[in-house]
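K.L.:
from the sequence below, what's the structure:
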Amino acid sequence: MFFDIEKIKNVLDRIEKLTESLTYLIQQKDESLIKVLNDIEELMSDSETEMSLINDYIKIQDYKRHIYFIRYYFKKFEDYKKLESSGYITKEEFDKMKSDVFELIWSGNASFILDEIKASREELIKRINKLNFYLKKLREKPISDIESRKLFEESLKCFSIGCYKASVVMAGASLENLIRKRYYDSTGKSSDKMTFFETIEELEKIKETKKLPIIHLARIYRNLSAHPSKEEFDLDKAGSILTLIYDELEK
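P.N.:
Numbering: from 1, shown residues only. The predicted structure follows:
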């Protein structure tokens, strides 16, 4: 899975243009703003993957709430319009209600997103380019062990949506699966009653190899991710740990 930079740029451009149009129509108390609302909601629905990435830098969830708020009060305006056309309220009463409703709609204006897009666009694109770099690097060669490959693919799915701790946990699980398999292949015995640490130690003795600091480091980070800890993981840190694990998996 790789992210289409041009599509993300296009989504950002469309949000900007639609929000600018919406802001203008609210100022003008123009009823055609409903079409822009529909276009915004359609964009949100059609671009969920891109929105999840954008949301790390731009408050998309807040934006969605503002759009819902505007639609809610615009529905009230449409109800008032029906009352006026049916003769239940006078034109003067309707005009007053319309003015009040558009004041409320303006208070929910979503134009804040414009400043956020301008401020965050460059950093967001850099992050996605870096994410694509890792996703490509971590799939350069196939992992021969089927179960370890499945677990590592789960890790990459977590990594691609920003769940970095979960990605390290799953990558660690893929490595543990491989190490236990190597132990079984070397001894014909199961390592089910041994910890991951003990399995690594025993395998090192059997193979008469030096200590494997990278595997132990991966095990430690897996444990820090899986259990409550103050250890923080960002894209670069998780990407580096996944790379260390991947290098061992593809041997």
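
K.L.:
how about the helices in the protein?
P.N.:
5-27, 33-46, 48-54, 60-85, 91-107, 112-137, 146-160, 164-187, 196-207, 213-226, 235-249 (DSSP state H).

K.L.:
lowest average pLDDT across those?
P.N.:
Averaged per stretch, pLDDT over the helices of the chain is lowest on helix 213-226, reaching a mean of 71.

K.L.:
that older thread, most tightly packed of the helices of the chain?
P.N.:
Of the helices of the chain, the one with the most neighbours on average (mean count of other Cβ atoms under 10 Å) is helix 164-187, at a mean of 20. (C-beta placed from N, C-alpha, C; glycine too.)

K.L.:
okay, it in PDB with CA atoms only?
P.N.:
Extracted in PDB, the C-alpha atoms of helix 164-187 (Å, rounded to 0.1, in the frame of the first residue of the first chain):
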ATOM      1  CA  TYR A 164       3.200   3.200  15.500                       C
ATOM      2  CA  LYS A 165       3.100   1.300  18.800                       C
ATOM      3  CA  ALA A 166       0.800  -1.300  17.200                       C
ATOM      4  CA  SER A 167       3.100  -1.600  14.200                       C
ATOM      5  CA  VAL A 168       6.100  -2.300  16.500                       C
ATOM      6  CA  VAL A 169       4.100  -4.900  18.400                       C
ATOM      7  CA  MET A 170       3.100  -6.800  15.300                       C
ATOM      8  CA  ALA A 171       6.600  -6.600  13.800                       C
ATOM      9  CA  GLY A 172       8.000  -8.000  17.100                       C
ATOM     10  CA  ALA A 173       5.500 -10.800  16.900                       C
ATOM     11  CA  SER A 174       6.600 -11.600  13.300                       C
ATOM     12  CA  LEU A 175      10.200 -11.800  14.500                       C
ATOM     13  CA  GLU A 176       9.400 -13.900  17.600                       C
ATOM     14  CA  ASN A 177       7.500 -16.300  15.300                       C
ATOM     15  CA  LEU A 178      10.600 -16.600  13.100                       C
ATOM     16  CA  ILE A 179      13.000 -17.100  16.000                       C
ATOM     17  CA  ARG A 180      10.800 -19.800  17.500                       C
ATOM     18  CA  LYS A 181      10.700 -21.500  14.100                       C
ATOM     19  CA  ARG A 182      14.400 -21.400  13.800                       C
ATOM     20  CA  TYR A 183      14.800 -23.000  17.300                       C
ATOM     21  CA  TYR A 184      12.400 -25.800  16.300                       C
ATOM     22  CA  ASP A 185      14.200 -26.400  13.000                       C
ATOM     23  CA  SER A 186      17.500 -26.600  14.900                       C
ATOM     24  CA  THR A 187      16.400 -28.800  17.800                       C
END
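
K.L.:
and that helix, what does it pack against?
P.N.:
Applying 3 or more Cβ pairs under 8 Å, 6 or more residues apart in numbering; DSSP states H and E, one finds that helix 164-187 makes contact with helix 146-160, helix 196-207, helix 213-226, helix 235-249.

K.L.:
determine which of those helices approaches S120 most closely.
P.N.:
Among the helices and strands packed on helix 164-187, helix 235-249 comes nearest to S120, with 15.1 Å by Cβ to Cβ.

K.L.:
how distant is the closest one from the center of its chain?
P.N.:
19 Å (Cα atoms, centre = their mean, to the nearest Å).

K.L.:
other SSEs contacting it?
P.N.:
helix 112-137, helix 146-160, helix 164-187, helix 213-226.

K.L.:
to Y57, which of those helices lies closest?
P.N.:
Closest among the helices and strands packed on helix 235-249, using Cβ to Cβ: helix 112-137, at 4.0 Å.

K.L.:
all set now, cheers.
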